[in-house]
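# coords please:
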Amino acid sequence: MSRRLPSLLLRGIAAIALCPRVVPAASIDAVFSGSYSVTDLGAPPASTPHGGLSFLPGDPNHLLIGAKANAVDGVFYKVAVSRNASCHIDGFVIPPTAYGTVGEYNDGGVTFSPDRVLFSTRYPRNELAQTRITSSDEDRVDDLDLHGVVTTLSVSGAAFVPAGFAGAGQLKLTEIHGNWYTMPLAADGAGTYNLGTAVFQVALSGGPENFAYVSGGNAVFGADSVVVAESSLGSLAAYTVDANGDPVVASRRRFAFGLSEPLGLAVDPLTGDLLLTDIAAASVFRISGFVAPHPPEWIFTDGFDDLCAGL
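Take a look at the predicted model:
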C-alpha cells in the first residue's frame, strides 16, 4: 500500500453524483484539447478506493469496477450505467451487484479475453487472476514472479490488444515501475489459460497502470495508439504502437494531466469514450471526443445499438 493514501480506506460507500460535471483540475493537454474533453461522472456505487474497470462482454449497460482496491477484502461490483440522448454515459444506477467474491487485491488491470475470461491484476502481490464468466470466484491465480514479470513491487495493468490493431489478441502487462510485457497464453483445458514466460518489450515512465488502445482515425492521434495511465505523474500519456502492439517510447505525448493517481482505463464500445478511475479520487471520469469503435464482436440485444446508430 506504499503508493496509496491510507485515508482512502476509511471512506464508506461513495455517493452517487446526480449530474456529471466538468472537472477543472483534470485537463486535456493543449495539443489534444481542441478535440477532447473530460467530465466527472461522480462516484459509482462501490466502496473506495476504486480499482480498474471494464465493460462486461457484450453488455454496454454494465461496468465491472474494482472496490477496496489493493486490499485482501477487495471485490468487483457490476454497476449499471445510464446514458444521455447522445449515448454517452452520464451516471450510474444503484444498487450495484457484487461480482461473486472475485476481486481480492484488485488493481488497474481488469480485462476480458476474447472468449470472456476475466483477467485481473493483484497488487501488491504481483499476481494475475483468471475468472471464467460463469464463475463466482477466481478460477486460478498465478504468481508472476514465476513467469518472468520482473519487478521490485508488483504487476499493475493488463489488457488484450483489440481486434484491428497490430498484435491483436495478445495479452499485455505493465508493472508499476515501468516494464511492459507480452504474456504468452495457452489453453489449460479448464476454460482458463496457462501462462508462459513474459516477454519484456519496453520500459515506460510515470508508474504505468492500465492502458487502452485507440485507433489512428481519432483526431490528433494520426496512428494507432495506446493511452497509458501514469499513476506517479497524475497524467495520461499517448504512445503510437509498433507492429506488435507495443508502445513506441519516443512517441510519448501527454494526453491529460491534473489527476491524482489514475489507475483504470476502459473504452466505451458504443461511443469510444475513455472511462478512467483514479485511486485517490472517488469519481469515474469520462473523456469524450473519440470515434465510436463499434467492433464487430460486440452484439447487443438491448436496443443500445439502435440508440447509438450513426453516432
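# So for this structure, the centremost residue is which one?
residue 265 (3.0 Å; Cα atoms, centre = their mean).
# and the nearest residue to that one once chain neighbours are set aside, what does it touch?
Nearest in space to residue 265, with sequence neighbours left out and distances taken as Cβ to Cβ, 6 or more residues apart in numbering, is residue 212 at 4.2 Å. Any C-beta I mention is one placed from the backbone N, CA and C, and that applies to glycine too. Listed by Cβ atoms under 8 Å, 6 or more residues apart in numbering, the contact set of residue 212 reads 159, 226-227, 265-267, 274.
# Would you format these as CSV with secondary structure, pLDDT and distance to residue 145 included?
Below are the contacts of residue 212 laid out as CSV (DSSP: H, G, I helix; E, B strand; the rest coil; pLDDT from 0 to 100; distance: Cβ to Cβ, whole Å):
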residue, secondary structure, pLDDT, distance to residue 145
159, strand, 98, 21
226, strand, 98, 25
227, strand, 98, 28
265, strand, 98, 25
266, strand, 97, 27
267, strand, 97, 30
274, strand, 98, 31
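# If the residue nearest to the centre of the chain is in a bridge, with which residues?
According to DSSP bridges, the partner residues bridging residue 265 are residue 276.
# try residue 131
Beta-bridge partners, per DSSP bridges, of residue 131: residue 118.
# I'd say residue 118 and residue 64 touch.
Yes - using Cβ atoms under 8 Å, residue 118 is in contact with residue 64, at 7.5 Å.
# between these two, what contacts are shared?
54, 110.
# measure the residue nearest to the centre of the chain to residue 162 for me?
13 Å (Cβ to Cβ, to the nearest Å).
# what about stretch 72-88, distance to the chain center?
The chain centroid and the centroid of stretch 72-88 are separated by 13 Å under Cα atoms, centre = their mean, to the nearest Å.
# May I have it as PDB, with CA atoms only?
What follows is stretch 72-88, C-alpha atoms only, in PDB (Å, rounded to 0.1, in the frame of the first residue of the first chain):
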ATOM      1  CA  VAL A  72      -7.400  -8.500   0.700                       C
ATOM      2  CA  ASP A  73     -11.100  -7.800   1.000                       C
ATOM      3  CA  GLY A  74     -11.300  -6.200  -2.400                       C
ATOM      4  CA  VAL A  75     -14.200  -7.100  -4.600                       C
ATOM      5  CA  PHE A  76     -15.600  -6.300  -8.100                       C
ATOM      6  CA  TYR A  77     -19.000  -4.800  -8.500                       C
ATOM      7  CA  LYS A  78     -21.300  -5.000 -11.500                       C
ATOM      8  CA  VAL A  79     -22.500  -1.400 -11.900                       C
ATOM      9  CA  ALA A  80     -25.300  -0.300 -14.300                       C
ATOM     10  CA  VAL A  81     -24.700   2.900 -16.300                       C
ATOM     11  CA  SER A  82     -27.100   5.500 -17.600                       C
ATOM     12  CA  ARG A  83     -26.700   7.200 -20.900                       C
ATOM     13  CA  ASN A  84     -27.900  10.500 -22.300                       C
ATOM     14  CA  ALA A  85     -29.600  11.200 -25.600                       C
ATOM     15  CA  SER A  86     -26.300  11.200 -27.400                       C
ATOM     16  CA  CYS A  87     -25.400   7.700 -25.900                       C
ATOM     17  CA  HIS A  88     -22.600   9.000 -23.700                       C
END
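# buried sites along it?
By neighbour count on 16 or more other Cβ atoms under 10 Å, the buried set for stretch 72-88 is 74-81, 83, 87-88.
# And for stretch 256-273?
256-257, 259, 261-273.
# And residue 303, what's its pLDDT?
Here the pLDDT value assigned to residue 303 is 53.
# do residue 223 as well
98.
# can you tell me how far it sits from residue 148?
Taken as Cβ to Cβ, the span from residue 223 to residue 148 is 29 Å.
# and if you look at residue 289?
Distance from residue 289 to residue 148, by Cβ to Cβ: 37 Å.
# Residue 126 too?
Where residue 148 is concerned, residue 126 sits at a distance of 11 Å (Cβ to Cβ).
# going on from the worst-scoring helix or strand of the chain on mean pLDDT, what's the next piece of helix or strand?
Ranked by mean pLDDT, DSSP states H and E, the weakest helix or strand in the chain is strand 21-22, scoring a mean of 43. Note on strand 21-22: by DSSP states H and E, the next helix or strand toward the C-terminus is strand 27-28.
# Contacts for that next one, please.
With Cβ under 8 Å, 6+ apart, strand 27-28 has contacts from 33, 36-38, 255-258, 287.
# Make CSV from the residues you listed and add secondary structure to it.
Below are these laid out as CSV (DSSP: H, G, I helix; E, B strand; the rest coil):
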residue, secondary structure
33, coil
36, coil
37, strand
38, strand
255, strand
256, strand
257, strand
258, coil
287, strand
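# Let's have those residues in TSV, adding pLDDT and distance to residue 25.
Output for the contacts of strand 27-28, formatted as TSV (pLDDT from 0 to 100; distance: Cβ to Cβ, whole Å):
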residue	pLDDT	distance to residue 25
33	97	15
36	98	16
37	97	14
38	96	10
255	98	16
256	98	11
257	97	9
258	95	5
287	98	14
